[in-house]
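**Q** model this:
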Amino acid sequence: MSRSGRSGGSIGFRIAAAGALALLLGFLVVPMIALFAETGPRELVSSLGERGAAEALWLSLRTSLAALLLIVAVGTPAAWFVARRDFRGRALVLTLIELPLVLPPAAAGIALLAAFGPNGIAGGAIESLGIELVLQTAGVVVALTFVAAPFFVRGAIAAFEAIDANLLDASRTLGAGEGRTFLRVGIPGARAGLASGAALAWGRALGEFGATLMFAGSLEGRTQTAPLAIFEFLARDFDAALALSAVLLVVSAFILLAVKLVGGRPEVVDADR
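**A** A predicted model of the protein is given here:
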């Protein structure tokens with residue numbers, strides 16, 4: 001094929017790829033623009049004054065942040081262990097970690113009931129400690145943690161695996177133990193990946209619907225998060241549903257933007273500091 005023929009084919013492909021990108025962006029962006037086009041700023045603010053709207057939004061923020069703290073606190077060292085060791089059953093462990101990603105939300109809620117409900121496998125032991133989860137705010141945190149944890153842990157594992165093994169070896173050679181290496185080299189080196197995973201987990205927790213409804217219910221002021229309130233408002237106040245949806249969109253966009261600005265490039269810290 002002549003050079004002109006190859007050049008023409010290349011230009012044609014670029015045009016087709018650009019067209020596909022424009023189509024994709026249009027499909028993704030138009031519904032988001034429509035959230036704000038359907039109602040003005042004044043109506044948006046007044047709709048948030050609807051009974052239960054502000055409470056649902058505040059509950060979503062509180063419970064999703066609580067779930068994120070649990071996920072990061074437990075998931076970070078767990079991801080480090082999986083990433084830096086080759087052990088028997090590792091593939092099974094990874095599969096179990098990722099399973100909630102493909103589990104239907106309603107099935108996730110039923111699984112939580114079977115495990116932690118009053119008649120569940122661990123329900124009796126939990127209640128004997130005076131802890132109530134079903135139809136309680138704590139149950140919302142449990143549901144959000146269950147569905148969102150894989151988003152953080154997967155990203156954390158990939159971030160830890162990407163760290164240069166020579167840096168870790170140098171840290172140990174300088175006398176740093178496993179814990180010091182994890183804190184001084186591992187976490188700084190995986191900072192961008194950890195931030196990205198945390199953002200995805202938080203966004204997933206904010207948008208969680210099915211598992212929360214099945215496990216914790218939709219009690220106003222106690223377990224009714226913003227997604228559940230949006231579903232309820234659809235039947236009686238579409239403007240309130242639009243307002244809550246728009247707020248969640250803004251919060252989600254802020255989370256992603258913050259990760260882009262703050263995540264930055266991985267940072268390497270000297271092991272002997």
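**Q** Give the buried residues for stretch 125-145.
**A** Using 16 or more other C-beta atoms under 10 Å as the test for burial, stretch 125-145 gives 126-127, 133-134, 136-145. (C-beta placed from N, C-alpha, C; glycine too.)
**Q** and the two most separated of those residues?
**A** 127 and 144 (20.9 Å; C-beta to C-beta).
**Q** Residue 252: what's it in contact with?
**A** Counting by C-beta atoms under 8 Å, 6 or more residues apart in numbering, residue 252 makes contact with 203, 206-207.
**Q** Please apply the same query to residue 194.
**A** 72, 76, 152, 155-156, 159, 187.
**Q** Against residue 178, how distant is it?
**A** 18 Å (C-beta to C-beta, to the nearest Å).
**Q** In the stretch 1-150 of the chain, what residue spans correspond to helices?
**A** Shown for the stretch 1-150 of the chain, the helices assigned by DSSP state H, counting those that start in this stretch span residues 3-37, 41-47, 53-84, 90-102, 105-116, 123-128, 137-161.
**Q** just checking, what packs against the first one?
**A** Read it as helix 3-37. Helices and strands touching helix 3-37, as assessed by 3 or more C-beta pairs under 8 Å, 6 or more residues apart in numbering; DSSP states H and E, comprise helix 238-262.
**Q** Pull out the buried positions in the helix it packs on.
**A** Buried residues in helix 238-262, defined by neighbour count with 16+ other C-beta under 10 Å: 239-248, 251-252, 259.
**Q** Over to stretch 228-239?
**A** So for stretch 228-239, counting by 16+ other C-beta under 10 Å, buried means 228-230, 232-233, 237, 239.
**Q** Report how many residues lie close to residue 167.
**A** 16 (other C-beta atoms under 10 Å).
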